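Asks: structure for the following, please:
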Amino acid sequence: MRKWLVAGGVIVVLALLGFFGLAPMLVERSMNRVEPVPIRVTPEARALHRRLFIADMHADTLLWNRDLLDRSGRGQVDLPRLEDGHVALQIFSSVTKTPKHQNYDANGADTDNITLLTVAQMQPPRTWTSLLERSLWHAEKLRRSAAASEGRLRLIRGPADLDALLRARAEWTRCFDDACLTGPPVGAMLSVEGLQDLEGAIGNLDRLYAAGFRMAGMAHFFDNDVSGSMHGIAKGGLTPLGRQVIARMEAKGMIVDVAHASHAAVADILRIARRPVVSSHGGVQATCKVNRNLTDDEIRGIARTGGVIGIGYWEAAVCSTRPAAVARAIAHVRDLVGVEHVGLGSDFDGAVTTGFDASQLAGVTQALIDSGFTADEIGKVMGGNVLRLLHAGLAPAVAPRATQP
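Replies: Numbers count the residues shown, from 1 in each chain. Now for the predicted structure:
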């Protein structure tokens with residue numbers, strides 16, 4: 001009998017080790033894949049790439065259980081690969097809930113894949129039952145990484161942080177390669193992918209802001225109490241709570257993100273927005289006819305706010321995983337509304353398969369050159385537009401001056 005108990009105990013221990021140790025790694029390895037495509041980068045393109053301020057508006061890396069500071073053999077983003085790709089600013093999103101059997105067409109809000117992942121990753125128990133606490137944990141993970149990075153990773157919370165990052169990177173360009181002990185610092189900013197993490201209370205937006213979140217999408221893959229989703233059941237517009245959220249975000253200096261929002265919600269947001277909005281990651285229907293991609297009217301609406309559209313790198317965003325397809329989508333936005341309104345939104349580590357990772361972004365620069373973009377246009381697309389938008393949009397709104405009686 002004792003032997004059976006010992007054997008049973010060993011089986012339980014091995015099962016737990018597999019669940020807590022191997023399962024999260026295997027899940028991520030199956031979901032965030034790089035299937036390499038041919039990438040040719042000329043010396044001229046590589047030299048231009050290293051002069052650019054490169055910004056990516058969306059990566060889901062904080063969802064996964066790996067050290068952001070270490071080079072990993074899985075996924076698509078970590079600090080060493082951002083440095084290799086000469087990325088100046090990476091916006092990291094907080095994913096708090098995804099439905100089982102997730103798809104682009106219709107998902108209910110009654111199931112959640114992330115709960116099991118939080119347990120398997122041995123996250124703090126408070127994150128097992130609270131979407132808000134999951135986002136706050138993601139913010140804590142990023143703070144810890146920045147604190148341990150010895151200045152290589154810098155948190156961005158406002159215009160002053162952006163200015164400091166620009167100065168630090170400018171100082172790096174003035175030192176000789178053999179005199180630079182490290183590469184230029186990389187900025188990191190927090191975003192929310194779907195405001196279901198408000199848990200129905202607008203006051204929780206203040207908690208997210210205090211934790212460092214400076215951008216937020218209204219919905220993710222299901223309708224919530226803020227907004228309809230492009231992939232939800234009802235696909236409705238903004239709710240009354242959602243309208244309050246937009247106003248408070250704009251007042252605080254948080255960027256409104258329409259990615260994943262339903263067409264009705266995008267229309268509502270563009271109707272009431274008083275500050276620039278973004279579509280942080282995705283594609284355009286003109287070059288890739290997928291329901292979640294933006295219509296030309298939506299592109300024009302975002303541009304009218306002064307906003308920026310982030311183009312992704314995966315199949316459903318640009319109907320390919322080659323840099324040339326990314327350039328095609330970017331060219332469409334440029335030709336439709338102007339080059340000032342388009343940028344990069346990789347969706348790296350967002351359960352997507354790409355043809356390259358963060359270390360190989362020079363391939364996008366090369367594709368833009370091959371498509372006839374000028375160096376000035378490439379500078380805007382690769383990060384200049386996002387830098388301009390954030391510099392203005394992260395400043396809290398100035399209240400209108402009271403009129404004298």
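Asks: drop to CA atoms for contacts and neighbour counts, all remaining ones
Replies: Fine.
Asks: list the contacts for Lys235?
Replies: Under the criterion of Cα atoms under 8 Å, 6 or more residues apart in numbering, the neighbours of Lys235 are Asp223, Gly228, Ser229, Ser262, His263, Ala264.
Asks: reformat these as a markdown table; add pLDDT, neighbour count and secondary structure.
Replies: Conversion of those to a markdown table gives the following (pLDDT from 0 to 100; neighbours: other Cα atoms under 10 Å; DSSP: H, G, I helix; E, B strand; the rest coil):
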| residue | pLDDT | neighbour count | secondary structure |
| --- | --- | --- | --- |
| Asp223 | 98 | 27 | coil |
| Gly228 | 98 | 29 | coil |
| Ser229 | 98 | 34 | strand |
| Ser262 | 97 | 29 | coil |
| His263 | 97 | 22 | helix |
| Ala264 | 98 | 16 | helix |
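Asks: tell me how far the residue most central in space within the chain lies from Leu166.
Replies: With the centre of the chain defined as its mean C-alpha position, the nearest residue by Cα atoms, centre = their mean is His58, 1.6 Å away. Going from His58 to Leu166 by Cα to Cα, to the nearest Å gives 20 Å.
Asks: rewinding a little: and for the host helix or strand of the residue nearest to the centre of the chain, what's in contact with it?
Replies: When secondary structure is defined using DSSP states H and E, the element that contains His58 is strand 54-59. Contacts to strand 54-59, defined as Cα under 8 Å, 6+ apart, come from residues 77, 86-93, 280-281, 310, 343-350, 382-384, 386-387.
Asks: and if you look at stretch 37-51?
Replies: Stretch 37-51 is touched from outside by His86, Thr321, Arg322, Pro323, Gly355, Phe356, Ala362, Gly363, Thr365, Gln366, Ile369, Ala375, with contacts defined as Cα under 8 Å, 6+ apart.
Asks: cutoff 7 Å now
Replies: Contact with stretch 37-51 is made by His86, Arg322, Gly355, Ala362, Gly363, Thr365, Gln366, as judged by Cα atoms under 7 Å, 6 or more residues apart in numbering.
Asks: returning to what we had before: and the strand holding His58, how far out from the chain's middle?
Replies: Here the centre of strand 54-59 is set off from its chain's centre by 6 Å, with Cα atoms, centre = their mean, to the nearest Å.
Asks: so where's the stretch 101-250 of the chain uncertain?
Replies: Counting by pLDDT under 70, the stretch 101-250 of the chain contains low-confidence residues at 174-181.
Asks: distance to Gly236 and neighbour count added to the contacts of stretch 37-51, as CSV?
Replies: Putting the contacts of stretch 37-51 into CSV (distance: Cα to Cα, whole Å; neighbours: other Cα atoms under 10 Å) gives the following:
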residue, distance to Gly236, neighbour count
His86, 40, 25
Arg322, 34, 22
Gly355, 34, 19
Ala362, 39, 25
Gly363, 38, 23
Thr365, 38, 26
Gln366, 40, 25
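Asks: counting residues, name the longest helix you see in the chain.
Replies: When secondary structure is assigned using DSSP state H, the longest helix within the chain turns out to be helix 131-148.
Asks: tell me what that one is packed against?
Replies: The elements that helix 131-148 packs onto, with contact taken as 3 or more Cα pairs under 7 Å, 6 or more residues apart in numbering; DSSP states H and E, are helix 126-129, strand 153-155.
Asks: out of these, which is closest to Pro276?
Replies: For those, proximity to Pro276 was assessed by Cα to Cα; strand 153-155 is nearest, at 21.9 Å.
Asks: elements contacting that closest one?
Replies: By contact count (3+ Cα pairs under 7 Å, 6+ apart), the secondary structure elements abutting strand 153-155 are helix 131-148, strand 186-193.
Asks: mind putting those in CSV, distance to Lys235 and mean neighbour count included?
Replies: What follows is the helices and strands packed on strand 153-155, written out as CSV (distance: least, Cα to Cα, whole Å; neighbours: other Cα atoms under 10 Å):
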stretch, distance to Lys235, mean neighbour count
helix 131-148, 21, 19
strand 186-193, 17, 25
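Asks: quick check: His391 touching Pro159?
Replies: Yes. A contact is recorded between His391 and Pro159 when judged using Cα atoms under 7 Å, the distance being 5.0 Å.
Asks: for the stretch 251-400 of the chain, what spans make up the helices?
Replies: 263-272, 296-304, 315-318, 323-337, 362-370, 375-379, 385-393 (DSSP state H, counting those that start in this stretch).
Asks: ok, now the stretch 101-250 of the chain?
Replies: Taking DSSP H, counting those that start in this stretch as the criterion, the stretch 101-250 of the chain contains helices spanning 114-120, 126-129, 131-148, 159-173, 204-210, 240-252.
Asks: tell me which of the ones you listed sits nearest to Gln196.
Replies: Between Gln196 and the helices of the stretch 101-250 of the chain, the shortest gap by Cα to Cα is with helix 131-148, which sits at 7.2 Å.
Asks: dump the C-alpha coordinates for that closest one into PDB.
Replies: Extracted as PDB, the C-alpha positions of helix 131-148 are listed here (Å, rounded to 0.1, in the frame of the first residue of the first chain):
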ATOM      1  CA  LEU A 131      -8.800  41.300 -14.500                       C
ATOM      2  CA  LEU A 132      -7.700  44.600 -12.900                       C
ATOM      3  CA  GLU A 133      -5.100  42.800 -10.800                       C
ATOM      4  CA  ARG A 134      -3.800  41.100 -13.900                       C
ATOM      5  CA  SER A 135      -3.100  44.400 -15.500                       C
ATOM      6  CA  LEU A 136      -1.500  45.800 -12.300                       C
ATOM      7  CA  TRP A 137       0.700  42.700 -12.300                       C
ATOM      8  CA  HIS A 138       1.800  43.300 -15.800                       C
ATOM      9  CA  ALA A 139       2.700  46.900 -14.800                       C
ATOM     10  CA  GLU A 140       4.700  45.500 -11.900                       C
ATOM     11  CA  LYS A 141       6.600  43.100 -14.200                       C
ATOM     12  CA  LEU A 142       7.600  45.900 -16.500                       C
ATOM     13  CA  ARG A 143       8.700  48.100 -13.600                       C
ATOM     14  CA  ARG A 144      10.800  45.300 -12.200                       C
ATOM     15  CA  SER A 145      12.400  44.700 -15.600                       C
ATOM     16  CA  ALA A 146      13.200  48.400 -16.000                       C
ATOM     17  CA  ALA A 147      14.700  48.600 -12.500                       C
ATOM     18  CA  ALA A 148      16.900  45.600 -13.100                       C
END
